[in-house]
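Q: Next come a sequence and a model predicted from it.
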Amino acid sequence: MAITLFFVLAGMFVLVIKFAGLKESATLLEEENAMLLVTKLANSPEFSCGEAFGSNRINCVDFDKVMMLKENIDKYSKFWGVASIEIRKVFPKSQEICTAINYKDCGVIEVFSKDVNSLPPSSNFVSLCRKESEDGKIYDKCELAKLIVGSEDKR
């Protein structure tokens, strides 16, 4: 009886040690998946610059596409499985929410936001590009921005 009890306690001790880091590993995996989702989102056809600005750029978000997507977001709200998507210009810094009227001088594009429990948002730096014209010449204007994605908390 004592030997059986010893092996049961030893087995429980081994299991406790083995599963002690499981919650931390799951949290790290969720954070890594969120970062990958941000990068994947920036390079998706709905956001990416594609060939519009010369070559196919990585982590380049087309400002014009995002503004049009924002207007028609009800079709895409369940497509990505996230709680919120937002783009913030890093420079020049502005807290003004983007609309069709102030579109060139704003600083925050709230693509969409669901009213659900969400995990802390993940972000990644992207180039936010659009076409500009000056003196009859069209050129590409790119600014540094952060793509911020809030994931749904499904716990």
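A: Cool, got the structure. The model shown is predicted, which means the values in this text are computed figures rather than measured ones.
Q: Buried ones in the helix or strand containing residue 24, by neighbour count?
A: Per DSSP states H and E, residue 24 falls inside helix 22-42. Judged by neighbour count using 16 or more other CB atoms under 10 Å, the buried positions of helix 22-42 are 34, 37-39, 41-42. From N, CA and C alone the C-beta is placed, and that goes for glycine too.
Q: Now tabulate those residues in a markdown table and tack on pLDDT and distance to residue 126.
A: Formatted as a markdown table, these follow (pLDDT from 0 to 100; distance: CB to CB, whole Å):
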| residue | pLDDT | distance to residue 126 |
| --- | --- | --- |
| 34 | 75 | 15 |
| 37 | 81 | 13 |
| 38 | 82 | 9 |
| 39 | 82 | 9 |
| 41 | 84 | 9 |
| 42 | 82 | 5 |
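Q: Residue 73: which of the residues you listed is nearest?
A: The closest of these to residue 73 turns out to be residue 41 (CB to CB; 13.6 Å).
Q: Remind me which helix or strand residue 51 belongs to.
A: With DSSP H and E as criterion, residue 51 is part of no helix or strand.
Q: what helices or strands is the helix or strand where residue 139 lies leaning on?
A: Assessed by DSSP H and E, residue 139 sits inside strand 137-151. When contacts are defined as 3 or more CB pairs under 8 Å, 6 or more residues apart in numbering; DSSP states H and E, strand 137-151 sits against helix 22-42, strand 60-62, strand 82-89, strand 122-134.
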